[in-house]
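Peer 1: prediction below, plus the sequence it came from.
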Amino acid sequence: MIAFKSIKFKLTLWYVVILGIILSSFSFFLYFTLADSLYKGVDNKIKTMAEIVASSSNRPFGAGPSFTDLDRIMTERYGVRPLGRYIQILDESGRIGGSSTNIRDIKIPLNFPTLKAASKGQTTFETVQVMGKYPLRVVTMPILVDTRMVGIVQVGSPLEEVQEALHQLLLILLIAVPAALLFASAGGLFLANKALRPVDEITQTARRIGSGDLSQRIRIKRVNDELGRLASTFNEMIAKLEGSFRQVKRFTADASHELKTPLTILRGEVEVGLKKRRALKEYQRILHSNLEEIHRMSRIVEDLLILSRADMGELTMEREEMELASLAREVWEDLQILAQEKGVQLKFIGDGSTKVEGDPLFLRQLILNLTENGLKYTPPGGEVALTVEGDRDQGVARILVSDTGVGIAPKDQKRVFDRFFRADKARSRETGGTGLGLSICQWIARAHEGQIVVASKVGKGSTFTVTLPLKN
Amino acid sequence: MRILVVEDEKKVASFLKKGLEEEYYAVDCAYDGEEALFMAETNEYDLMLLDIMLPKIDGLEVLKGVRDKGLTLPVLMLTAKDSVEDVVKGLDAGGDDYLTKPFAFAELLARVRALLRRKEREPAGELRVADLVLDPATHTVSREGQEIDLTAKEYALLEYLMRHVNRVVTRTMISEHVWDYHFDPLTNVIDVYVNHLRKKIDLNSSQRLIHTIRGVGYMLQDKG
């Protein structure tokens, strides 16, 4: 019974019902208007005829030619033959004085109320059954001489033609309306089918996508109609889904790869170490190396946790007003020891008012990550500058971290913010990077309605610029 | 047996080298794809352990390069990628076996032994020449039922000679398959080791197995 619940069926049904109502109303209107007009036409004709006869007969019997020769009189005097009509002239008491030749054998009845009405000078229309199948329309009109009734004229016209025509019309309507409705429903179903076929296609594609194949798309034939737009919207949505699925898949693969490397080292070193008795120094070396890998794994797990909680929207940002420059100064002070160990000069420049609103912990991590990165990739003797400046004109605060390090190749500059992307894998591991630091920086900047960009020249150094909205 | 370890992760390369050397293999390490291709071409290795994700040239490309140059050495791939597609890709590119990280070191050794055995079309288990028996799984050597104590290099040398029984083995072949990249061809280290081995194997026995082929090298013979 699904077929009867479908939109196709409902559309067709509505269409047929509405069309049926319209057609029946039209038919009713046509039939009754036509009937009315036909009957009125008959009435007018017999009335005219009666008036002619009455006006010419407003003398007592015998004054003119014999009534019995009415046909001839009509033809001679008025040039009209009482064709198909019956005319009968009566005296004031209702006796028949004369009649047209075609009613010799019948008699138009005259009942008392009509006679009475005529004697009062009124004209009466009646439909009477005199002969055969069809009734007769009769007008009874008094012949008046100085408002005194001297006789009565009755003109009758058979309703055969009128009723025959109306009957024909009714027959035509009774056959034509249902036939039209039948054709309309077939046509309507066809049209609905045609219009809704893309919907079936969309359903089937959606079903295939549901079973896990996100590469499926709906073929769009007509781009600009409603269904075309629906299909292209649907396709866009699936493309987005496919994209984010691929991203999640790649991220999981990358994450597992990142975690597998330290695991391989841990397992391999321990297994090789346990193969035979070794000197104490060797055990110490293995344990030391293992500890390094454990630290590394914890850092990766921590960073992953931050990012996945950020993705889920579970991390809430504090909104606190603060001076960005003083936060940066603290980071700068903390990193002095690291910079001295590496033999890199770490400078700090604070310029202007840098009041921003944000989460001090996350902003601190942002500055720390960027500055630490700068130190990591700058060889001894180089320089890292941490600059914080307020730009009133543009309403932004900027954090700039420039180094004189190895630089980033142009093709890698866009990708440095991608998760687990490393321009130089070996160097990154040696310096203890997780490959997630810049992704976290980017997330923090964006969560503060800011942005982060990089400009770099290979061999010359890189500058990371974070822009945050300034608090007035 | 000489093995090339291709692995960009220094620590992984380091424990592989150490563990394999303790199993009497000669081991060289390459830390990127370029270095790996160069070393595989210039030295004769009996087996390659190959990581797939490598700097400079990808592991799969290294594998294709090695096969394109007509090198038939068995290649055991080591990688963290464990999807079916990756395994199929690796094997189709010319790899002989596949091991996903993190792996058990014992399994790695078993796979290495299996690949080396397959290369020589030898049955599993002990190697026998006359009454001399060598077990590659346990690294034990015995003659006439008497267990013989050998150093790592002596063992590796003997294994190589036994795998090429009744064939002349040149000093170059020995240096290429028993010693690693740091071998100095100008020394007489090989002759010294052969002499040590001869003392341990042949001295107490009536039948001499190790023969010197003057001006060429050595041969392990099971008759006469």
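Peer 2: Okay, I see it. Numbers count the residues shown, from 1 in each chain, chains lettered A, B, ... in the order given.
Peer 1: element containing residue 175, please.
Peer 2: All of this is about chain A. Using DSSP states H and E, A:Ile175 falls within helix A:160-210.
Peer 1: wait, chain B was what I had in mind.
Peer 2: helix B:171-178.
Peer 1: who touches that helix?
Peer 2: B:1-2, B:26, B:43-44, B:46, B:153, B:156-157, B:160, B:164, B:183, B:185, B:190-191, B:217-218 (C-beta atoms under 8 Å, 6 or more residues apart in numbering or on different chains). For every residue, glycine as well, the C-beta is placed using N, CA and C.
Peer 1: show me which of the residues you listed are buried.
Peer 2: Buried members of the contacts of helix B:171-178, scored by 16 or more other C-beta atoms under 10 Å in any protein chain shown, are B:1-2, B:26, B:46, B:153, B:156-157, B:160, B:164, B:183, B:190, B:217-218.
Peer 1: wait, A:Arg208 sits on A:Leu214?
Peer 2: No: using C-beta atoms under 8 Å, A:Arg208 makes no contact with A:Leu214, being 9.6 Å away.
Peer 1: give me the common contacts of the two.
Peer 2: Joint contacts of A:Arg208 and A:Leu214 (C-beta under 8 Å, 6+ apart) do not exist.
Peer 1: find the nearest non-adjacent residue to residue 20, please.
Peer 2: Assuming you mean chain A. Nearest residue to A:Gly20, sequence neighbours excluded (C-beta to C-beta, 6 or more residues apart in numbering or on different chains): A:Leu181, at 5.4 Å.
Peer 1: was after chain B, sorry
Peer 2: B:Leu20 sits nearest to B:Val27 (C-beta to C-beta, 6+ apart), 4.8 Å away.
Peer 1: what sits against that neighbour?
Peer 2: B:Val27 neighbours (C-beta under 8 Å, 6+ apart): B:2-5, B:16-17, B:20-21, B:180.
Peer 1: helix, strand or coil for it?
Peer 2: strand (DSSP: H, G, I helix; E, B strand; the rest coil).
Peer 1: whatever helix or strand A:Lys260 lives in vs helix A:160-210, what angle?
Peer 2: In the assignment (DSSP H and E), A:Lys260 maps to helix A:226-274. Angle, helix A:226-274 to helix A:160-210, by axes from the mean of the first three to the mean of the last three C-alpha atoms, to 10 degrees: 10 degrees.
Peer 1: distance from helix A:226-274 to the middle of the chain?
Peer 2: 34 Å (C-alpha atoms, centre = their mean, to the nearest Å).
Peer 1: next structured bit after it?
Peer 2: Defined by DSSP H and E, the subsequent element after helix A:226-274 is helix A:280-311.
Peer 1: so which elements touch that next one?
Peer 2: helix A:226-274, helix A:437-447 (3 or more C-beta pairs under 8 Å, 6 or more residues apart in numbering or on different chains; DSSP states H and E).
Peer 1: check those for me and report the most buried one.
Peer 2: helix A:437-447 (a mean of 21; mean count of other C-beta atoms under 10 Å in any protein chain shown).
Peer 1: could you dump that helix to CSV, C-alpha only?
Peer 2: Only the C-alpha atoms of helix A:437-447 are listed here, as CSV (Å, rounded to 0.1, in the frame of the first residue of the first chain):
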residue,chain,number,x,y,z
GLY,A,437,52.2,22.3,18.2
LEU,A,438,51.4,24.7,15.3
SER,A,439,47.9,23.1,14.9
ILE,A,440,47.2,23.9,18.5
CYS,A,441,48.5,27.5,18.0
GLN,A,442,46.2,27.9,15.0
TRP,A,443,43.2,26.6,17.0
ILE,A,444,44.0,28.9,19.9
ALA,A,445,44.3,31.9,17.5
ARG,A,446,41.0,31.1,15.8
ALA,A,447,39.2,30.5,19.1
